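> Give me a model of this one.
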Amino acid sequence: MSKYPSDRDCLRILTDAGCTKRVLVHCCTVRAVADEIALKFDDADRSLITAGALLHDIGRAIDHSILHAMVGADMARNLKLPNELVEIIRKHTGAGLDQMDIDELNLPQGDYIPRTIEEKVVAHADNLVSDNRVVVHSFSSDKLRKKGSERGADRLDVLHKELSVQYGCDLDIMVDLLGEFPELKGPCSQYGGKRF
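Sure thing, here's the model as predicted:
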């Protein structure tokens, strides 16, 4: 039995927190991408990746800025979720936040860069999903560049390359593999396969 919440429990946690259907659909789509990526990583804890993907945006129940990751980590900590799950939520934005980002956003000092394979897979699966649409990574890195976040876009590109090498091919293949609007599994199945 996993120490991480099941799909059904994660969806209940998101709903109880006040997340909208749009957030639930997004999280379920990120889960589909993360689970597909995780298939090629034998050393990854797949149940942690699944729970992390489903709960990564819990903070959007309260905040829709980049600070939603910090808010979500606090919410997860208050729910007594395992620390490694809290860390996935805290570090999932783009390819993490560097010291300059931390200073600019006036965040508490700490490491906001995904380090573990589980943190990296969830963060990048999120980069490969816009709303509930699976996209190529440049969609997200170009968006960051347009917002003036060159460092963030560069980190995202580096993470994409690193995980693509480990996966065995360019992860932009997720669009073809899963489809733009993938059919979702389990309790998420009610949300999949259509444009939101």
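> State the phi and psi torsions of Tyr112.
phi -110, psi 20 (degrees, to the nearest 10).
> Val134 too?
phi -80, psi 130.
> Where do the strands of the chain begin and end?
Remark: strands assigned in the chain by DSSP state E are 129-130, 133-134.
> List the contacts of the first one.
Under the contact criterion C-beta atoms under 8 Å, 6 or more residues apart in numbering, strand 129-130 has outside partners 26, 29-30, 33, 135, 139-140. (C-beta placed from N, C-alpha, C; glycine too.)
> Considering those residues, which possesses the most neighbours?
The most neighbours of any of those, using other C-beta atoms under 10 Å, belong to Thr29, which has 28 neighbours.
> How about that one, nearest residue that isn't a chain neighbour?
Once flanking residues are discounted, Thr29 sits nearest to Asn132: 4.4 Å by C-beta to C-beta, 6 or more residues apart in numbering.
> and that neighbour, how far is that from Arg90?
23 Å (C-beta to C-beta, to the nearest Å).
> of the two, who's got more company?
The residue with more neighbours, out of Asn132 and Arg90 and counting by other C-beta under 10 Å, is Arg90; that gives 27 against 24.
> Distance-wise, check that one relative to Gly72.
Taken as C-beta to C-beta, the span from Arg90 to Gly72 is 7 Å.
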